[in-house]
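> The following comprises the amino acid sequence and a computationally predicted model.
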Number of protein chains: 2
Amino acid sequence: MPKHYDPEKCQTVSEMLSRIGDKWSVLVIMMLGDGPARFSDLKRAVVGISQRMLTLTLRALERDGLVRRTVYPTVPPRVEYELTALGQSLREPIQAMGGWVFANHDKIHAARAEFDRRNDAERADQKIIKLG
Amino acid sequence: MPKHYDPEKCQTVSEMLSRIGDKWSVLVIMMLGDGPARFSDLKRAVVGISQRMLTLTLRALERDGLVRRTVYPTVPPRVEYELTALGQSLREPIQAMGGWVFANHDKIHAARAEFDRRNDAERADQKIIKLG
DNA sequence: CAGGATCCCGGAAGATACTG
DNA sequence: CAGTATCTTCCGGGATCCTG
């Protein structure tokens, strides 16, 4: 088991993490997991996304080889997006993350509640000290 | 297999994805994977992080119950950070992502090169059209 | 040593308008 | 329909200074 990793690959890991960590990429990937979809389909399915961000997200996914964009030269224009084999394969680690969150959802929220509770108490103490 | 998911849990998935997708969290988690570390250890180990961002990152991880913060009331103060069991368990899906990137690193970069090549060619065409 | 408090800047992202 | 262009707003994050 190697202790050192290729720095370039590590950087690519960071890049992909921030990609799937951004606001829309995962949602788009999951939508496309059901099969090909047109631009407006995605726009409607991914609630809250602006057409600008949908375009940018799709372009980035296409650039990384995760999504294939097919233009049908009809009028009005018809553009279909679908996951490539690479994009499909990415769904596995993503769903692993999703599964982890679903499994630990309650622990996470309990921890947050506990943390916030302690923090509030601490600030109340500070107030008393300053007032005293 | 359910077709609908708890919206609250889906939101938590997004939250955790943007957490591990941020610039520093994963690096900190991986550093702590080797065992407990002090603030300055992490500051030195995670090259490039400012003490402000290290603090914010650690606080966020602590709030989600991934990291435990222990203060030793000595002088000078000594604070140790370590992964909780929950934090340890998160390393699995993270490494799944990392493994995927390592396995597909070449495909990704090939796709990017291809995409950029096509884009450049396209823009060159546009130029010719406008000049003509 | 381990942070808290401020200031500040660049880039991410939303809103809007226009187009092939 | 499927975008592009532009403007503006917002916030992540770095730099710096201060403190128990």
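Structure's in. What do you need? Numbering: from 1, shown residues only, chains lettered A, B, ... in the order given.
> Which residues are in contact with whatever residue of chain A ends up closest to DNA strand C?
Nearest to DNA strand C, among the residues of chain A, is residue A:53, at 3.6 Å (CB to the nearest atom of the strand). Using the backbone N, CA and C atoms, a C-beta is placed for each residue, glycine as well. Residue A:53 makes contact with A:23, A:24, according to CB atoms under 8 Å, 6 or more residues apart in numbering or on different chains.
> Relative to residue A:60, how far out is it?
According to CB to CB, to the nearest Å, residue A:53 stands 10 Å off from residue A:60.
> now the longest helix seen in chain A: mean pLDDT?
If you go by DSSP state H, chain A has its longest helix at helix A:85-131. Mean pLDDT, helix A:85-131: 89.
> Next to DNA strand C, which bits of chain A? Give me the list.
A:22, A:23, A:48, A:49, A:50, A:51, A:52, A:53, A:56, A:76, A:77 (CB under 7 Å from any atom of the strand).
> Counting neighbours, which of these end up buried?
By neighbour count, with 16 or more other CB atoms under 10 Å in any protein chain shown, the residues of chain A next to DNA strand C hold A:22, A:49 as buried.
> From the residues of chain A next to DNA strand C, pick out the ones that also neighbour DNA strand D.
Near DNA strand D, by the rule CB under 7 Å from any atom of the strand, you find A:51, A:52, A:76, A:77 out of these.
> Write out the residues of chain A neighbouring DNA strand D.
Applying CB under 7 Å from any atom of the strand, we find that chain A lies next to DNA strand D at A:38-41, A:51-52, A:55, A:58-59, A:69, A:76-79.
> Restricted to buried residues, select those in ChimeraX.
Buried residues within the residues of chain A next to DNA strand D, by 16+ other CB under 10 Å, are selected in ChimeraX with:
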select /A:39,58
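> Which of the residues of chain A next to DNA strand D fall within strands?
Counting by DSSP state E, these place A:38, A:69, A:78, A:79 in strands.
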